[in-house]
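**Q** Give the three-dimensional model of this entry:
(2 chains)
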Amino acid sequence: MAVRLKQRSVLPGFGLSLGFTVLYLSLIVLIPLSATFVKASSLTWPRFWHVVTAPRAIASYELSFGASAIAAGINLIFGLIVAWVLVRYTFPGKRIFDSLVDLPFALPTAVAGIALTAIYSANGWIGHYLQPFGIKAAYSRLGVVIALTFTGLPFVVRTVQPVLEDLDKEMEEAAASLGADRWQTITRVLLPAIFPAAVTGVTMAFARAVGEYGSVVFISGNMPMRTEITPLLIITKLEQYDYAGATAIAVVMLVVSFVMLLAINLVQAWSGRRMKTSGASDLALGET
Amino acid sequence: MATTFALRNFGLASDKAAQATSEGAWVRWSLIAVAVLFLGVFLFMPLAVVFASALAKGVSVYFAALREPDALAAIRLTLIAAGIAVPMNLIFGVAAAWAIGKFEFVGKSFLVTLIDLPFSVSPVVSGLIYVLIFGLQGVLGPWLAAHDVKIIFAVPGIVLATVFVTFPFVARELIPLVQAQGNEEEEAALTLGASGWQTFFRVTLPNIKWGLLYGVILCNARAMGEFGAVSVVSGHIRGRTNTMPLHIEILYNEYQFAPAFAVASLLALLALVTLLAKSIVEWKSRQQTKQQELFAARQTGTTASSTLITSPGAKAA
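**A** Numbering: from 1, shown residues only, chains lettered A, B, ... in the order given. This is a model prediction of the structure:
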């Protein structure tokens, strides 16, 4: 019995549309991406290992991953509060705040970068309040965290919001009528329901932050070993015509993003099983 | 006696129920305050500082920065890059949505994952991959140099990088939409003698038009604003290979803050228009769904199931 690769359908155009899809995908995405691995394979393994574990590279991974994790954590806490407030309460200007949540997706990263730098530099709107306390926000690791928090802000809000909207108020009423107080209802009923969506959102925010470049380079100060993120290290190597070195670091980043993509898909499949709510995984890595 | 006791008990119970399903006023207002403060600092303030800094040196400096030849060249290149990248990815998105949304085949979910791939690649790496192919050191570099074709540090490279970073936008808006729409209407049209293209333009396209518009808007915003990927392939040649974000970077690094923010204000304006368009499209598509539901309800005499609701804002994964 032959395996049927395609289910019969009366609609025309399957061959044309799938053929074009696969061709375009290969030309624009798959072949260029695989070229990176081909290029990297021109390096011997010890040389590759030497490049990707150089102290400067390690320092950049620590900053990129550390700052991304902290920013994702901040976005988890505030994202839950923002989503809750936007779904459950009414207050003046709510609709404007709601549509503005997507701003980090729509605002070009370079614009965000110079705007945040202007706000947090020593004479900036917030920076000059921080300076007397000895807090240096711009041109420091704190600046990297601030930029990455901005970049990842919409993810948790936009994954949790639809789940909260779909949640039946009756579940809470049932919990209350069974004698639970508000705090118990929140921790035992609400949080478990929104947990999968929150995990998806946090993973997406983290994945986005690890690769982020434009919003970070202006505010970070770009000091090697201190405030140099991994994407910037790639650019630095390129500007020194160290193509092999840049490729090696790029391969590390690509592998990390493939792992993150896999993780996001697994989390989504798992949360899809946990609750059949549509819309929870709307934004994905997109709109970035 | 017994009645008053029951009443009092009932009053207590309902008080308790209200307490247990909502928060007290002070909790509510402090949560709202936290959310508003967070969004204010992280969203309103960056927007405000862009326009304030752009106009800090006065209106004449602002308009001079926008009329400068290098700025105009950057604006033109940005429009060219977006003008090529968006239609290309639009055609791809429609084709992918048709293949994936209307047919069942092996490896479908894997294909969807591959389409999303550019979103998870760092912008810098997205630019680098084209340098590794078309650059002088790249796979095709020597051949291109021999035939005097310039892709890297030239306009084609910028267009390619823009196409890559905006690759999934239209496709990922349309695929779930087409999937949710089902095949019945198209099958009916075909049975009534419409050709394949007629079916697409008269039946499918009207059903997905708002999602399509939404995808195009997002795709365009990203295409015009892309920085990292374009920065790697552009070579920063003033007046020739600078897009608006790259022009902003150069001005900023030369400490020309007011002109840098002036050009940035154009992109910030674009972002605001994008958000506005998104709200309108979401509202319109909700209207359309409601109308369709009403129609379906009239046809079958029952209310359409809420699972049919698909708007760009809330759709299945």
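
**Q** which secondary structure elements does the helix or strand harbouring residue A:59 contact?
**A** Taking DSSP states H and E as the criterion, residue A:59 maps to helix A:55-88. Packing contacts for helix A:55-88, counted by 3 or more Cβ pairs under 8 Å, 6 or more residues apart in numbering or on different chains; DSSP states H and E, involve helix A:94-100, helix A:141-166, helix A:191-211, helix A:230-239, helix A:243-274, helix B:25-39. Using the backbone N, CA and C atoms, a C-beta is placed for each residue, glycine as well.

**Q** Now the second one: buried residues?
**A** I take that to be helix A:141-166. A:141-164, A:166 (16 or more other Cβ atoms under 10 Å in any protein chain shown).

**Q** Kindly tell me how buried the residue of the stretch 201-317 of chain B found nearest chain A is, as a neighbour count.
**A** Minimum separation of the stretch 201-317 of chain B from chain A (Cβ to the nearest Cβ) falls at residue B:225, amounting to 2.7 Å. Look at residue B:225: counted by other Cβ atoms under 10 Å in any protein chain shown, it has 28 neighbours.

**Q** so who does it touch?
**A** Taking Cβ atoms under 8 Å, 6 or more residues apart in numbering or on different chains, we find residue B:225 in contact with A:106-111, B:244-245, B:267, B:270-271.

**Q** still on that earlier bit, winner for burial among the helices and strands packed on helix A:55-88?
**A** helix A:141-166 (a mean of 25; mean count of other Cβ atoms under 10 Å in any protein chain shown).

**Q** If you count contacts, what does that one end up packed against?
**A** Using 3+ Cβ pairs under 8 Å, 6+ apart: helix A:141-166 touches helix A:55-88, helix A:103-106, helix A:109-120, helix A:191-211, helix A:214-220.

**Q** For residue A:256, find the nearest of the ones you listed.
**A** helix A:191-211 (6.5 Å; Cβ to Cβ).

**Q** right, is that closest one up against chain B?
**A** Yes: contact of helix A:191-211 with chain B (Cβ under 8 Å from any Cβ of the partner chain) involves A:207, A:210-211.

**Q** Could you dump those residues into TSV and include distance to residue B:286 and pLDDT?
**A** Formatted as TSV, the residues of helix A:191-211 next to chain B follow (distance: Cβ to Cβ, whole Å; pLDDT from 0 to 100):
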residue	distance to residue B:286	pLDDT
A:207	30	91
A:210	35	94
A:211	33	93
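
**Q** Dump those into CSV; add distance to residue A:53 as well.
**A** CSV is the format used below for the residues of helix A:191-211 next to chain B (distance: Cβ to Cβ, whole Å):
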residue, distance to residue A:53
A:207, 23
A:210, 18
A:211, 20
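
**Q** and residue 184, how many neighbours does it have?
**A** The chain I'm using is chain A. Residues lying near residue A:184 (other Cβ under 10 Å) number 14.

**Q** Hmm, no, I was thinking of chain B.
**A** 8.

**Q** Look up phi and psi at it.
**A** Per-residue torsions, residue B:184: phi -60, psi -50 (degrees, to the nearest 10).

**Q** where does it land on pLDDT?
**A** pLDDT recorded at residue B:184 is 89.

**Q** now do the one 10 residues further on
**A** At residue B:194, the predicted lDDT confidence score is 89.

**Q** Skipping its backbone neighbours, what lies nearest it in space?
**A** Leaving aside its chain neighbours, residue B:194 sits nearest to residue B:202 (6.9 Å; criterion: Cβ to Cβ, 6 or more residues apart in numbering or on different chains).

**Q** Can you tell me the SS state at the one you found?
**A** helix (DSSP: H, G, I helix; E, B strand; the rest coil).

**Q** which residues of the stretch 51-200 of chain B score low on pLDDT?
**A** For the stretch 51-200 of chain B, applying pLDDT under 70 flags no range at all.

**Q** In it, which residue sits nearest chain A?
**A** Closest point on the stretch 51-200 of chain B to chain A, by Cβ to the nearest Cβ, is residue B:122, at 2.9 Å.

**Q** Quick check: that residue touching residue B:228?
**A** Yes: the criterion here is Cβ atoms under 8 Å, and residue B:122 meets it with residue B:228 at 7.2 Å.

**Q** The two: who's more crowded?
**A** A direct count of neighbours by other Cβ under 10 Å for residue B:122 and residue B:228 places residue B:228 higher, at 29 against 26.

**Q** And that one, its phi and psi?
**A** Here residue B:228 shows phi and psi, under degrees, to the nearest 10, equal to phi -60, psi -50.

**Q** Can you tell me which of the helices and strands packed on helix A:55-88 has the worst average pLDDT?
**A** helix A:243-274 (a mean of 85).

**Q** pLDDT weak spots in the stretch 201-317 of chain B?
**A** In the stretch 201-317 of chain B (pLDDT under 70), the answer is B:300-317.

**Q** If we use 50, what do you get?
**A** Along the stretch 201-317 of chain B, segments meeting pLDDT under 50 span B:302-317.

**Q** Spatially nearest residue to residue A:144 (excluding sequence neighbours)?
**A** residue A:67 (4.4 Å).

**Q** Quick check: the gap between the one you found and residue A:142.
**A** Distance, residue A:67 to residue A:142, using Cβ to Cβ, to the nearest Å: 9 Å.

**Q** Now stretch B:50-65: buried residues?
**A** So for stretch B:50-65, counting by 16+ other Cβ under 10 Å, buried means B:50-51, B:53-54, B:57, B:61-62, B:65.

**Q** what does stretch B:70-80 give?
**A** Neighbour-count burial for stretch B:70-80 flags B:70-71, B:73-75, B:77-78 (criterion: 16+ other Cβ under 10 Å).

**Q** would TSV of the residues you listed with distance to chain A and secondary structure be doable?
**A** Shown next, in TSV, are the buried residues of stretch B:70-80 (distance: Cβ to the nearest Cβ, whole Å; DSSP: H, G, I helix; E, B strand; the rest coil):
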residue	distance to chain A	secondary structure
B:70	16	helix
B:71	14	helix
B:73	17	helix
B:74	12	helix
B:75	13	helix
B:77	14	helix
B:78	10	helix
